[in-house]
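In: Build me a model from this:
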Amino acid sequence: MTAEATFKPARARGASNPAVLAASAVGLVAAATLAGAWFFQLVLDIQPCPLCLEQRYAYYLAVPLAALVAVATAKDAPRAVVIGGLALLTLAALGNAVLGGYHAGVEWGFWAGPTDCTGPVGNLGSAGSLLDRLNTVKVIRCDEVQFRFLGISLAGYNVLISLLMAALALWGMRRTARSS
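Out: Next up, the predicted model:
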């Protein structure tokens, strides 16, 4: 048996593999998006509304799942497992794009938002401190845009980023399915 017969080509295992490239790109985009969201929240003090927080769930899923798919592909996991992982990434990103589109529609007044976008009200304490606490509560509403860049809100950018992630994962899935 020759060395060529016992080793898989570097293209099938390494960084040039479409599944590794797609999963790595999705993971990096998701991590960068989360870092940006935290930057807006912690540094610029742009607080997220409940819909904003829900839109982060797909990114929290995508980062470890993308890393797992990339590592599994590099370790010669079965093609069905790799395609399944990329399909999950695609579905999560598309679902998040829909949620972001819904949020953007709420911001533009196309439809009403959820009722939980009225801000948190925790333990109000005694009646004497009730007015003090109510005066300090900052209500983050889902229908009020806190930041726009080039006329697009952060929810709108979430749609674009999620569609990019879905396209990357779908590209990797299709290329992996075609390869022998």
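In: got a list of what Gly151 touches?
Out: By C-beta atoms under 8 Å, 6 or more residues apart in numbering, the contact set of Gly151 is empty. Using the backbone N, CA and C atoms, a C-beta is placed for each residue, glycine as well.
In: State the pLDDT value of it.
Out: Looking at Gly151, its pLDDT is 74.
In: roughly how far apart are it and Asn158?
Out: 15 Å (C-beta to C-beta, to the nearest Å).
In: likewise Val82?
Out: Counting by C-beta to C-beta - Val82 and Asn158 are separated by 27 Å.
In: Spatially nearest residue to the most centrally placed residue in the chain (excluding sequence neighbours)?
Out: Centrality entry for the chain: nearest residue to the mean C-alpha point is Tyr59, 2.8 Å, by C-alpha atoms, centre = their mean. Excluding the flanking residues, the one nearest Tyr59 by C-beta to C-beta, 6 or more residues apart in numbering is Ala30, at 4.4 Å.
In: which residues touch the one you found?
Out: By C-beta under 8 Å, 6+ apart, the contact list for Ala30 reads 58-59, 62-63, 66, 165.
In: following the helix or strand that contains it, which helix or strand comes up?
Out: Ala30 is part of helix 18-42 when elements are defined by DSSP states H and E. Next along the chain after helix 18-42, taking DSSP H and E as the criterion, comes helix 50-74.
In: So for that next one, mean pLDDT?
Out: Averaging pLDDT along helix 50-74 gives 93.
In: Distance from the chain centre to that helix, please.
Out: Once both centres are worked out by C-alpha atoms, centre = their mean, to the nearest Å, helix 50-74 turns out to sit 6 Å from its chain's centre.
In: quick one, it and helix 18-42 angle?
Out: 150 degrees (axes from the mean of the first three to the mean of the last three C-alpha atoms, to 10 degrees).
In: quick one: buried residues of helix 50-74?
Out: For helix 50-74, the neighbour count (16 or more other C-beta atoms under 10 Å) marks 50-52, 54-56, 58-59, 61-63, 65-67, 69-70, 72-74 as buried.
In: Against Phe40, how distant is the residue nearest to Tyr59?
Out: From Ala30 to Phe40 the distance is 16 Å (C-beta to C-beta).
In: for Pro64, same thing?
Out: According to C-beta to C-beta, Pro64 and Phe40 sit 22 Å apart.
In: Likewise for Ala62?
Out: Ala62 is 19 Å from Phe40, by C-beta to C-beta.
In: for Leu154, same thing?
Out: To Phe40, Leu154 is 7 Å away according to C-beta to C-beta.
In: Same question for Trp111.
Out: For Trp111, the distance to Phe40 - C-beta to C-beta - is 25 Å.
In: Check Ile46 too.
Out: Taking C-beta to C-beta as the criterion, Ile46 is separated from Phe40 by 4 Å.
In: I appreciate the help and will end here.
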